[in-house]
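1. next one to model:
(one chain, ligands or ions: 2)
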Amino acid sequence: MKTYDVIVIGGGSGGLTVAAGAAQFGAKVALVEKRNELGGDCLHFGCVPSKSLIAVAKEVYHLHQSAQAFGLSVSGTLKWQDAKRRVEQAVGTIQDHDGAQRFRDLGVDVIFASATFQDEHSIKLSSGTTIKGKRIVIATGSSPIVPPVEGAEQITQLTNETVFSMDELPKRIVMIGGGPVGLELSQALSRLGAEVIVVDSGDRLLQKEDEDIAEVVRKQIEKEITFFPSTTVEKVTKRDNKTFVTLKGNHSQEVVADALFFASGRKPNTDKLRLDKAEVKVDDKGAIIVKETLQTSQPHIYAVGDVNGQFPFTHGAGHEGKVVVANAVFGLRRKVSYDHVPWAFYTDPEIFHLGMTEEEVRYQHNEDYKVYRMDSKSVDRMIAENDKSSLIKIITDNKGIILGAHGVGNSAGDWMQQLVYMKTNGDSVKKISNSVYPYPSRGEIVKHAGDLYWRERLFGSKLSTLMNKYVSIFR
Ligand SMILES: Cc1cc2nc3c(=O)[nH]c(=O)nc-3n(C[C@H](O)[C@H](O)[C@H](O)COP(=O)(O)OP(=O)(O)OC[C@H]3O[C@@H](n4cnc5c(N)ncnc54)[C@H](O)[C@@H]3O)c2cc1C
Ligand SMILES: NC(=O)c1ccc[n+]([C@@H]2O[C@H](COP(=O)([O-])OP(=O)(O)OC[C@H]3O[C@@H](n4cnc5c(N)ncnc54)[C@H](O)[C@@H]3O)[C@@H](O)[C@H]2O)c1
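-> Ligands and ions are numbered 1, 2, ... in the order given. Coordinates of the predicted model:
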């Protein structure tokens, strides 16, 4: 039986980081992936195809908006097949970069098979072979939750795993769930020509976002889709050659639809792993319970990415993967922390989220905090581009140390990056003014927000009276 220093189960964002890192540091590594290609959800059914589709939809939407604004006429509708082709090209190009050969060249044994535990050190492959690992890393990701809906078999059912390969765009879609998957994709599908109703059991969209930031996105999104809060789907029925979806909750009614899209959350992929054989414990949602070192209930078995339910983002899986390389390969006891890890949602406008929201800070710090807020009206580039909705909020303690930073606007995920660096270093907001930004860049919104710190101190305090006196004497 072949024995490895590290067996990685799952060739997605988390598993690939661990396999490449461990092999580069000299460990003998097996990477087991059940599909016949690497890349996982992010590449095949998640980040990459969704961002590609969002980009196509954005181009088409703004083309129409601009034409209208300038009195031009644009006719015709984009063919779904053309949008799909663009998505396939993006996935294909990245797949070439992330192919199995790249990992084999690093010394990883890439095995395409489904893995289950035989005991706490042995992994049984669907090919029938068993391999042994001194350390094992579970990185099997998550799958969409598909709640039972009476009569659902009578309508096209979509999830993130099927939407990018469908042959035609349904005319009317009921999206179950207004989380990031539901919102990003409903805006894109609506821009490509579908009528989308989003139902969510929660009472408002974007509940985890800073309220001011969420409001900007809600205003735009609700122009493009219909949103029914505190509502869910009860059943699907057919009559008179039409398919009706019955909604229940705040918006109890029947709507005609062609497809149901399940975007109602994720479940960790643990049910088929036979974790009982290795005595690895899961929580009530099926997520593998991990310590801060990302060790499971078995110290030599680790879990990274969506399967542990901690921070279900690609960069979260990558961040965890690095911690596991340090711990599983070098025997260190590094702990994972998400305190300085941001996320971005690629709605239009885009959302950037880092650390605590104002609501969370208010709860923890009472009124003892500061908010530096700037909007597009004070940023020349944004004025020049007729951008009226961008907004930044930097929230600090009373010494100026950054507790949270939130942004919304075109490419907000990009122009907010300096704040990730600053928050990671425990910097004060006052340091922003030390940096010089090219004029006119969108990033100046960050600088102007930082300048507010000095404006408040230099021009709105006793210090400003003293400075005026000094200047008048010096003159
Ligand atoms: C529509 C959508 C859009 C998203 N957009 C973003 C985004 O823009 N940015 C972002 O950061 N995150 C995004 N995410 C989240 C991101 O895709 C996940 O957080 C990320 O893929 C998790 O990586 P992972 O390694 O944990 O799992 P995965 O990437 O899913 O990899 C798990 C791998 O394990 C394999 N596997 C499962 N069971 C077995 C087994 N028994 N044996 C062998 N192999 C197995 C699977 O086939 C899969 O390849 C998005 C998700 C969705 C659904
Ligand atoms: N840009 C990005 O980084 C990005 C994009 C998409 C997804 N993701 C990741 O994927 C994860 C999963 O996203 P998601 O949107 O699938 O899940 P989610 O859990 O974030 O949102 C699911 C939504 O569905 C609603 N819901 C649940 N059951 C329902 C029901 N029966 N009827 C009506 N509404 C219901 C919930 O109230 C919730 O608002 C996210 O946590 C995020 O980490 C990231």
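2. close to ligand 1: what parts of the stretch 51-200 of the chain are there?
-> Residues of the stretch 51-200 of the chain found near ligand 1, taking C-beta under 6 Å from any ligand atom as the criterion, are Lys51, Ser114, Ala115, Ala139, Thr140, Gly141, Asn160, Val181. All C-beta spots, glycine's among them, are computed from the backbone N, C-alpha and C.
3. nearest spatial neighbour of the last one, skipping sequence neighbours?
-> Residue nearest to Val181 in three dimensions, not counting chain neighbours: Ala263, with 4.2 Å by C-beta to C-beta, 6 or more residues apart in numbering.
4. circling back: closest to Ile221 among the residues of the stretch 51-200 of the chain next to ligand 1?
-> Nearest to Ile221, judged by C-beta to C-beta, of these is Val181 at 13.9 Å.
5. wait, the closest one sits on Asp200?
-> No: if you go by C-beta atoms under 8 Å, Val181 and Asp200 don't touch, sitting 11.7 Å apart.
6. can you show me the strands along the stretch 201-350 of the chain?
-> For the stretch 201-350 of the chain, the strands defined by DSSP state E, counting those that start in this stretch cover 226-228, 231-239, 242-249, 253-256, 259-262, 266-268, 301-303, 343-345, 350-355.
7. got those strands as CSV, with mean neighbour count columns?
-> As requested, those are exported to CSV (neighbours: other C-beta atoms under 10 Å):
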stretch, mean neighbour count
strand 226-228, 19
strand 231-239, 17
strand 242-249, 18
strand 253-256, 14
strand 259-262, 24
strand 266-268, 20
strand 301-303, 29
strand 343-345, 20
strand 350-355, 24
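8. can you redo those as a markdown table with mean pLDDT and distance to Phe474?
-> Formatted as a markdown table, these follow (pLDDT from 0 to 100; distance: least, C-beta to C-beta, whole Å):
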| stretch | mean pLDDT | distance to Phe474 |
| --- | --- | --- |
| strand 226-228 | 98 | 60 |
| strand 231-239 | 97 | 67 |
| strand 242-249 | 98 | 69 |
| strand 253-256 | 98 | 73 |
| strand 259-262 | 98 | 68 |
| strand 266-268 | 98 | 64 |
| strand 301-303 | 98 | 64 |
| strand 343-345 | 98 | 48 |
| strand 350-355 | 98 | 42 |
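9. Throw these into TSV and include distance to ligand 1, thanks.
-> Formatted as TSV, the strands of the stretch 201-350 of the chain follow (distance: least, C-beta to the nearest ligand atom, whole Å):
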stretch	distance to ligand 1
strand 226-228	19
strand 231-239	19
strand 242-249	22
strand 253-256	24
strand 259-262	11
strand 266-268	7
strand 301-303	9
strand 343-345	7
strand 350-355	11
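10. got the residues of the stretch 201-350 of the chain near ligand 1?
-> By C-beta under 6 Å from any ligand atom, the residues of the stretch 201-350 of the chain that approach ligand 1 are Asn269, Lys272, Leu273, Gly305, Asp306, Val307, Pro312, Phe313, Thr314, His315, Ala317, Tyr346.
11. try it again at 5 Å.
-> Asn269, Gly305, Asp306, Pro312, Phe313, Thr314, Ala317 (C-beta under 5 Å from any ligand atom).
12. related to what we said a few turns ago, right, and the strands of the stretch 201-350 of the chain - which one's nearest ligand 2?
-> The minimum distance between ligand 2 and the strands of the stretch 201-350 of the chain falls on strand 231-239, with 3.5 Å, by C-beta to the nearest ligand atom.
13. give me the distance from that closest one to the chain's centre.
-> Distance of strand 231-239 from its chain centroid, counting by C-alpha atoms, centre = their mean, to the nearest Å, is 29 Å.
14. quick check, that strand touching ligand 2?
-> Yes: with C-beta under 5 Å from any ligand atom as the criterion, ligand 2 is reached by strand 231-239 at Thr232.
15. which residues touch that strand?
-> If you take C-beta atoms under 8 Å, 6 or more residues apart in numbering as the criterion, strand 231-239 is touched by 149-152, 154-155, 174, 176, 199-201, 243-252, 260.
16. burial check on His448, number of neighbours?
-> His448: 20 surrounding residues under other C-beta atoms under 10 Å.
17. does it lie in a helix or a strand, and which?
-> According to DSSP states H and E, His448 maps onto helix 444-459.
18. report the buried residues of that helix.
-> Judged by neighbour count (16 or more other C-beta atoms under 10 Å), helix 444-459 contains these buried residues: Glu444, Ile445, Val446, Lys447, His448, Ala449, Gly450, Asp451, Leu452, Tyr453.
19. His448 versus the closest residue to the fourth one other than its chain neighbours, what's the distance?
-> Distance criterion C-beta to C-beta, 6+ apart; nearest residue to Lys447, sequence neighbours excluded, is Tyr437 at 5.0 Å. Distance of Tyr437 to His448, given as C-beta to C-beta, to the nearest Å: 9 Å.
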